[in-house]
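J.: Give me a model of this one.
(one chain, ligands or ions: 3)
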Amino acid sequence: MTDNDAALAAELQAQFDRQDVGFAVEPITTCPHVPTPISTHVFLDQACGACQEPHENWQCLTCDTVLCSRYRNGHMVDHFEQAKDHAVCLSYSDLSIWCFQCESYIANERLQGIKEVAYIAKFGEAPPNQSTIKIVDGASGSGSGSGAGSSSA
Ligand SMILES: [Zn+2]
Ligand SMILES: [Zn+2]
Ligand SMILES: [Zn+2]
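T.: Ligands and ions are numbered 1, 2, ... in the order given. All right, here's what the predicted structure looks like:
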């Protein structure tokens, strides 16, 4: 693991830690565009399907297409322009999830599963504080922001 990876891992751990507290770029928690069902697999080694760009790709969480970012050749933006309901995508750079419709990052319990899969694929280990990650897909028992920021065990 390089220093860069270590720094990124630390930042991601902090993000997982602060998921419902908010940080610099505050994600929204309610996005009506999160697809159902949501992807359960990531394809981190895949190049952009349009230009073979290997870096900074995104995965459409509606159809699993891997395309490059707006900072490369913008093929994920093109994908959203062509299929307006494919709005939610996962960044392979920092594992953030972006909605083109909401124009915001999203932190949502339904997205924790795919974020965890991506984290494991990227770093080869489960994210920290796993016990605090609740995947709640039903109507019942959606806790309201309890237990955030408690001290480590
Ligand atoms: Zn949205
Ligand atoms: Zn591309
Ligand atoms: Zn798509």
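
J.: and Leu95, how many neighbours does it have?
T.: Using other C-beta atoms under 10 Å, Leu95 has 24 neighbouring residues. Where C-beta positions appear, they are placed from N, C-alpha and C, glycine not excepted.

J.: so who does it touch?
T.: Leu95 makes contacts with 12, 115, 118-119, 122, as judged by C-beta atoms under 8 Å, 6 or more residues apart in numbering.

J.: Same list (those) but as CSV, adding distance to Thr62 and pLDDT.
T.: Output for the contacts of Leu95, formatted as CSV (distance: C-beta to C-beta, whole Å; pLDDT from 0 to 100):
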residue, distance to Thr62, pLDDT
Leu12, 23, 74
Lys115, 16, 95
Ala118, 16, 97
Tyr119, 21, 96
Lys122, 21, 95
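
J.: So which bits of this structure are right by ligand 1?
T.: Residues of the chain lying close to ligand 1 by C-beta under 5 Å from the ion are 31, 33, 99, 101-102.

J.: Which other helices and strands does the lengthiest helix in the chain contact?
T.: Assignment by DSSP state H gives helix 3-17 as the longest helix of the chain. Under the contact criterion of 3 or more C-beta pairs under 8 Å, 6 or more residues apart in numbering; DSSP states H and E, helix 3-17 touches helix 112-123.

J.: buried sites along the helix it packs on?
T.: For helix 112-123, the neighbour count (16 or more other C-beta atoms under 10 Å) marks 112, 114-119, 122-123 as buried.

J.: can you narrow the contacts of Leu95 to ones near ligand 3?
T.: When contact is defined as C-beta under 5 Å from the ion, the contacts of Leu95 do not meet ligand 3 at all.

J.: Sort out which one of those residues lies nearest ligand 3 for me.
T.: Relative to ligand 3, the closest of the contacts of Leu95 is Ala118; by C-beta to the ion it sits at 16.5 Å.

J.: tell me the contacts of that closest one?
T.: Contacts of Ala118 by C-beta under 8 Å, 6+ apart are 42, 44, 90, 92, 95.

J.: what does Cys60 give?
T.: For Cys60, the contacting residues are 66-67, 76, 79, 86, 88-89, by C-beta under 8 Å, 6+ apart.

J.: related to what we said a few turns ago, as TSV, the contacts of Leu95 with distance to Gln52 would be great.
T.: Output for the contacts of Leu95, formatted as TSV (distance: C-beta to C-beta, whole Å):
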residue	distance to Gln52
Leu12	27
Lys115	26
Ala118	21
Tyr119	25
Lys122	20
